[in-house]
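A.B. asks: Fold the following and give me the result.
(one chain, ligands or ions: 1)
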Amino acid sequence: MVAKLKLWSAKLRALTILSRQQAPTSIADLSPKPHHIAVIMDGNGRWANSKGLTRVAGHKRGVDAVKNLIKNCIKNDIKVLSLFAFSSENWGRPESEVQALMELLTNALDTQTKKLDENGIQLRLLGDLSRFNKKIQELASKAQTATQDNQSLILNVAINYGGRWDILQATKAISAKVVSGEIAADQIDEAVFEQHLATADIPDPDLLIRTSGEYRVSNFLLWQTAYSEFYFSDVLWPDFDEQAFNQALLTYTNRDRRFGGAKDKPSAAKVQESDEQHSRQYAHDEFDEKHSSPDRIAESQTDSAPKEGVKHA
Ligand code: FPP
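C.D. replies: Below is the predicted model of the structure:
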């Protein structure tokens, strides 16, 4: 009861702050919070055009917005952040823009890996990396190895990624195992399938954010977002700041997630939540347990501020 009252007073406080049009500096005490946030970062080009700048300048500012978001995720104890940085369809952009994005990616991997590591961030690259040049593939491999044991935040960066590609590559991998006799066809269930997706071992996104006023999923994490809450913001990606992020978090907190279950269940059924709901919550609990080191727990109880230097991550 006391916990419930505290929760509602925290929600009320945050709503009051928002209604006063002030930027909430921290909503760390709000609950429930998303464990995994996926973001379709859209609007770099329009942001640049509106300022008479090149699209590439927009992407560069987009990288700054990524750094801020990572900092804010750590501040709010978000466990997994998945960013759609380069889709399998983005190769169709003008050669000069693709080239500039490759340079940004190379530079980010080259200069930011150490900072990610210092801040306890584990980098995972999702997508078919074979299409990138050798230098990017080597930097990607080094960055993933260097940060693989970090637990404060898992940062998935999707490059040359498409949700349909992910489903197909998982299907091919499972088919090969069936052919070799490693698994039987009738053993394939959702859990087996998920283990072959690029996001294996990571709980599905709770919240999917898309910026710039577009209302599409654009082939991002198609399987994984089956039960995600969607939040669409009109803010263009380079302007997606702490206030915009906090608004997304607050909106999530006030959503009513039922995973296909019914809200007005008869009282006898109330005690027995749907299996689906149970197993998804269980996946989160299990993941939390694995990713909450004693240090991390102590830190989140005393101070939710990001570690020094994380702003450069
Ligand atoms: C969408 O804006 C953005 C992208 C296609 C790329 C997002 C990239 C970054 C944030 C930079 C980091 C990326 C890498 C690869 C390191 P848009 O160009 O589609 O914008 P528009 O819809 O306004 O034209």
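A.B. asks: give me the residue from the stretch 1-150 of the chain nearest the ligand.
C.D. replies: Closest contact between the stretch 1-150 of the chain and the ligand, by Cβ to the nearest ligand atom, is at residue 45 (2.5 Å). In this view, the C-beta of every residue, glycine as well, is placed from N, C-alpha and C.
A.B. asks: what about that residue, distance to residue 55?
C.D. replies: Taking Cβ to Cβ, to the nearest Å as the measure, residue 45 falls 5 Å from residue 55.
A.B. asks: about what we covered before: quick one: residues contacting the residue of the stretch 1-150 of the chain closest to the ligand.
C.D. replies: 55, 58 (Cβ atoms under 8 Å, 6 or more residues apart in numbering).
A.B. asks: now the strand or helix carrying it: mean pLDDT?
C.D. replies: Counting by DSSP states H and E, the element that carries residue 45 is helix 44-50. What helix 44-50 shows for mean pLDDT is 98.
A.B. asks: With stretch 108-125 instead?
C.D. replies: The model assigns stretch 108-125 a mean pLDDT of 98.
A.B. asks: hey, where'd the helices end up in the chain?
C.D. replies: Ranges of helices in the chain, per DSSP state H, are 2-19, 44-50, 55-75, 95-118, 134-147, 163-180, 190-194, 242-253, 267-270, 275-290, 294-302.
A.B. asks: How many neighbouring residues does residue 204 have?
C.D. replies: 22 (other Cβ atoms under 10 Å).
A.B. asks: Can you give me the neighbour number for the nearest residue to it once chain neighbours are set aside?
C.D. replies: Leaving out its chain neighbours, the residue that sits closest to residue 204 by Cβ to Cβ, 6 or more residues apart in numbering is residue 224, at 4.6 Å. When neighbours are defined as other Cβ under 10 Å, residue 224 has 22 of them.
A.B. asks: pretty sure residue 224 is touching residue 199, no?
C.D. replies: Yes. Between residue 224 and residue 199 there is a contact under Cβ atoms under 8 Å: 5.6 Å.
A.B. asks: thinking again about what came up before, how far does the helix holding residue 45 sit from the chain's center?
C.D. replies: Once both centres are worked out by Cα atoms, centre = their mean, to the nearest Å, helix 44-50 turns out to sit 23 Å from its chain's centre.
A.B. asks: in that helix, what's buried?
C.D. replies: By neighbour count with 16 or more other Cβ atoms under 10 Å, helix 44-50 contains the buried residues 44-48.
A.B. asks: Which of the residues you listed sits closest to residue 130?
C.D. replies: Distances from residue 130 to these, taken as Cβ to Cβ, are shortest for residue 44 (25.8 Å).
A.B. asks: So residue 117 versus residue 61, what's the distance?
C.D. replies: Residue 117 is 25 Å from residue 61, by Cβ to Cβ.
A.B. asks: Next, the buried residues of stretch 173-180.
C.D. replies: So, applying 16+ other Cβ under 10 Å, buried residues of stretch 173-180: 174, 177.
A.B. asks: what's the answer for stretch 200-216, then?
C.D. replies: Buried residues in stretch 200-216 (16+ other Cβ under 10 Å): 202-212.
A.B. asks: Closest to residue 83 out of those residues?
C.D. replies: Proximity of the buried residues of stretch 200-216 to residue 83 (Cβ to Cβ) peaks at residue 209, which lies at 10.1 Å.
A.B. asks: Now do the contacts for residue 135.
C.D. replies: Residue 135 is in contact with residue 106, counting by Cβ under 8 Å, 6+ apart.
A.B. asks: okay, it: pLDDT?
C.D. replies: The model's pLDDT for residue 135 equals 98.
A.B. asks: How about residue 259?
C.D. replies: At residue 259, the model reports a pLDDT of 77.
A.B. asks: wait, it sits on residue 229?
C.D. replies: No. Using Cβ under 8 Å, residue 259 makes no contact with residue 229, being 11.0 Å away.
A.B. asks: How about residue 177: what's its closest non-neighbour residue?
C.D. replies: Spatial nearest neighbour of residue 177, excluding adjacent residues (Cβ to Cβ, 6+ apart): residue 183 at 4.8 Å.
A.B. asks: I misspoke; the intended subject was residue 39.
C.D. replies: Closest residue in space to residue 39, ignoring its immediate chain neighbours: residue 209 at 4.8 Å, by Cβ to Cβ, 6+ apart.
A.B. asks: So residue 219 sits against residue 163, correct?
C.D. replies: Yes. The pair residue 219 / residue 163 is scored as a contact, 4.8 Å apart, by Cβ under 8 Å.
A.B. asks: The two: who's more crowded?
C.D. replies: Neighbour comparison, residue 219 and residue 163: the larger count goes to residue 163, with 22 against 17 (by other Cβ under 10 Å).
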